[in-house]
Each structure stands twice: as C-alpha cells, then as structure tokens.
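1. I'd like to go over a predicted model; first the sequence, then the structure.
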Amino acid sequence: MKSAFNQLRLKQWLLAVLCMPSLLLFGQTTPQIDIQFANPSYDRDTRTYAVDVQLKSKLAPEDFFAMNLRFFYDASLLQYKGIDQFHPGYGFLGEPPEAIVGTQSSGSALFAFNNAAGYINGSVILQNESNPLHIQTDAWTKAFRVTFSVPVTTYDKATFCPSIIWDKEIDPDKGGFLPGSEGVLISVVERDRASRIESIVAVTRGNPFNWNYNPAGGAPYGKVRSDQCIAVTKTVVTEEQDKTDVPGYDIFQNTPNPFESETTIEFILPTAQHATLALYDVDGVVKEVIDGYYQAGKNRVVLKKKHWMVESGVIYYRLTTDKYTSRTIAMSLLRA
C-alpha cells in the first residue's frame, strides 16, 4: 500500500513539474520559496552535527508539498548520517538517500573545498494531507533536520564551520551545479481545487551555509566562509599537534582520491627510520596499522581496498615517528 501511495505521489510531482510552463502561460503567479540550513548543534557523546532545514515564502503564505532534496557538503569534515525530525505528515518519497562522495578535484573546482565534496539526492513529500507545513513570509519554518557524523580525528577548533551548499546556482534559472540538473526544487500545494494538478513548482533559491556565492558565476561557484561555527570535542593532544611542523618530514594526500580498488600514500622522511601509518574509520577507531623501516626521502605505501573501508566510506590516516606526528588526512572510497 505504501509503495503504491508513493508511486502516486511521484506521478503528481512529475505532473506538477511538467505543467509549470502552462501555468505561467495563463498568468498565474509562480510561488517563490527560499530554503536554508540553520541552528547548527553538536552532540559530543555521539559526535553528531545537525542542522535544521527551514523554508520561507517570498510572496504569500504557502503549504509545502514536496522537494527533491539535493545538497553538497565538505566530506572531509562531515559524514552524512540521515534526516529526521520531519514536520508531522512528511517523509521520504522512496528510499532514504545515500551519500555520494566525489573526487578531491571536483570539490575544489566546484566549491573551493580543500577536499572532496559529498552529495545527497533524495525526495521529501507530504504524506498526510490533513497536516501540511505552512510556509510563512515573515519567519523561517522548520521542515526537517539533517545529521552528520564528525570524525573523531577532527581537531578541537574554535571555528568548526563546515560548508553545506544547496544544489542551486546563484541564478535559479540556471538550475543546479551539475550538467543538466535542475538542482533542488520545491513544490507547494495547489489551492485552486478546479485545477487538475495537486502542486505547483516554486522558484527555489537556496541560501548556502558557511559558503558564499561567486557573484560573477562560473566555477568555482563560490568560496568557504566562517559564519555559523561551533566547538567540537578535542581529540588530539597538544603534544601531537606540536609535532606536525618538523623540518624534513611531510605527508601527502593519497592518489587517486577517491579510489576504487587501491590508492597510494606518499611521505618524506629526513633520515632512514621506523615509521607507522595508522588508518582510522569515521569513529576514530584504528582499523589498520602499517609499520615499517623506511628510507630517507620519499616513500610510498600502496593500500588495497578492505571490507572495513567500504563500510566507513571515508578513511583517515596519520604518519607517526618518534619525532613527528603528521596532520590527519581524509580519503574516500568510490561507491559501487
């Protein structure tokens, strides 16, 4: 029964999208809805970072019907967990979305991230018509909440300000950031009962979180900013942080990143010596330790895909010697 209901809702959503041009031809005013992330919070016990998704109408109060939920985030700082705290009467259309992590170069090219971007693509829809969410013009209204895991390897910074970006260019008529994508879209309930459709697609504008648009357009489409920041639990002792800047030592981002079956980590040592490369999952659990005696200069370690890497998705690594502890670096595994 639920599957049939969702299929019906999907058809109604698609009908609304297809009918939007005809609505404009008849002179009907198109609703305009803004969407934003707000109210960041952090649970230190579970290392869960959460932000509310809020809606606001530009022209007149509207009732929220559905949206295709599309956004990007910095995958080195956040790992997507899920969506909860829906307004009563709403839920997913189909299966809950899963994160897709892109290449490091794409995160840099699109959003000026230092690391790879994660991407979420799903759908949220009204499932109980008796309790629609009223979108106001004079206040932001919460629709649901998005949650992420914060890696235990994240340092305790006064400015932990991860970027989350709606999949919408600064000019909403251009759609999303990916070729051929309309990006995030929101539809509202059609109030004209004589109409054959149940919803109208609104002009949707996304307010990015800890990120600024590039007004000139073009990639990178903006840059990271520190706007809404919180503190996270300190997980690396001061002694280790002080040992990251030692002459003659260095460690590099793995290549390729993300990787499918294997990847290579390179590092530099000033003298031949014993060194340890530790691999962590997102919870900070040491999953693998590679010990060895390495030569002076550049060294390479080749990592093969392991089952635990598939489960984690994002892997962290750090090099340690008796005189040096590197910064923690994130890498990711391509999803099949």
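-> Great, that's in hand.
2. going forward, measure contacts and count neighbours with C-alpha atoms only.
-> Will do.
3. pretty sure residue 209 contacts residue 167?
-> No - checked against Cα atoms under 8 Å, the pair residue 209 and residue 167 is beyond contact range at 11.8 Å.
4. who's more crowded, these two?
-> A count of neighbours by other Cα atoms under 10 Å puts residue 167 above the other of residue 209 and residue 167, at 27 against 22.
5. dump the residue contacts of that one.
-> Contact analysis of residue 167 by Cα atoms under 8 Å, 6 or more residues apart in numbering lists 70-72, 175-177, 183-184, 206.
6. who's in contact with the residue nearest to residue 208 when sequence neighbours are not counted?
-> With Cα to Cα, 6 or more residues apart in numbering as the measure, residue 165 is the residue that lies nearest to residue 208, at 4.7 Å, once sequence neighbours are left out. Contacts here follow Cα under 8 Å, 6+ apart; on that basis residue 165 touches 71-73, 206-209, 211.
7. hang on, the earlier thing: the contacts of residue 167 in strands, which ones?
-> In this view, the contacts of residue 167 that belong to strands under DSSP state E are 70-72, 206.
8. and the helices in the chain?
-> Secondary structure of the chain by DSSP state H: the helices cover 2-25, 104-111, 238-242, 307-312.
9. how close does residue 305 get to residue 178?
-> Between residue 305 and residue 178 the distance is 28 Å, computed by Cα to Cα, to the nearest Å.
10. cool, and residue 113?
-> In this view, residue 113 and residue 178 are 16 Å apart by Cα to Cα.
11. and residue 109, by the same measure?
-> Distance, residue 109 to residue 178, by Cα to Cα: 12 Å.
12. more neighbours, the two?
-> Neighbours were counted for residue 109 and for residue 178 using other Cα under 10 Å; residue 109 has more, 17 against 12.
13. just list whatever residues bridge to residue 294.
-> Beta bridges link residue 294 to residue 273 when assigned by DSSP bridges.
14. return the distance of it relative to residue 316.
-> Counting by Cα to Cα, the gap from residue 294 to residue 316 is 21 Å.
15. okay, those two: which has more neighbours?
-> Neighbour count, other Cα under 10 Å: between residue 294 and residue 316, residue 316 has more, with 23 against 18.
16. which residues sit in contact with that one?
-> Residue 316 makes contact with 153, 279-282, 328-331 under the criterion Cα under 8 Å, 6+ apart.
17. switch to 7 Å and redo it
-> Taking Cα atoms under 7 Å, 6 or more residues apart in numbering, we find residue 316 in contact with 279-281, 328-331.
18. so which of those residues sit within strands?
-> Those of the contacts of residue 316 lying in strands (DSSP E): 279-280, 329-331.
19. save those as a markdown table, and put in neighbour count too.
-> Below are the ones in strands among the contacts of residue 316 laid out as a markdown table (neighbours: other Cα atoms under 10 Å):
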| residue | neighbour count |
| --- | --- |
| 279 | 21 |
| 280 | 24 |
| 329 | 19 |
| 330 | 25 |
| 331 | 23 |
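20. any low-confidence regions in the stretch 101-250 of the chain?
-> Applying pLDDT under 70 to the stretch 101-250 of the chain flags residues 152-158, 193-197, 233-244.
21. what ranges does it have for its strands?
-> With strands called from DSSP state E, counting those that start in this stretch, the stretch 101-250 of the chain shows them at 117-126, 133-135, 141-149, 164-166, 185-189, 199-201, 203-207, 211-213, 222-224, 250-251.
22. now the longest one: how far from the chain's centre is it?
-> On the basis of Cα atoms, centre = their mean, to the nearest Å, strand 117-126 is displaced by 10 Å from the centre of the chain it belongs to.
23. in its sheet, which strands sit next to it, and in what direction?
-> Per DSSP bridges, strand 117-126 is paired in its sheet with strand 62-74 (antiparallel), strand 90-92 (antiparallel), strand 100-101 (antiparallel).
24. wait, residue 35 sits on residue 207?
-> Yes - the pair residue 35 and residue 207 qualifies as a contact (Cα atoms under 7 Å) at a distance of 6.1 Å.
25. quick one: which of these two has more around it?
-> Using other Cα under 10 Å as the criterion, residue 35 and residue 207 rank with residue 35 on top: 23 against 20.
26. go through the strands paired with strand 117-126 and find the least confident stretch.
-> Lowest mean pLDDT within the strands paired with strand 117-126: strand 100-101, at a mean of 90.
27. tell me how far it lies from the chain's centre.
-> That offset, for strand 100-101, works out to 9 Å (Cα atoms, centre = their mean).
28. residues contacting that strand, please?
-> Applying Cα under 7 Å, 6+ apart, the contact partners of strand 100-101 are 75, 116-120, 334.
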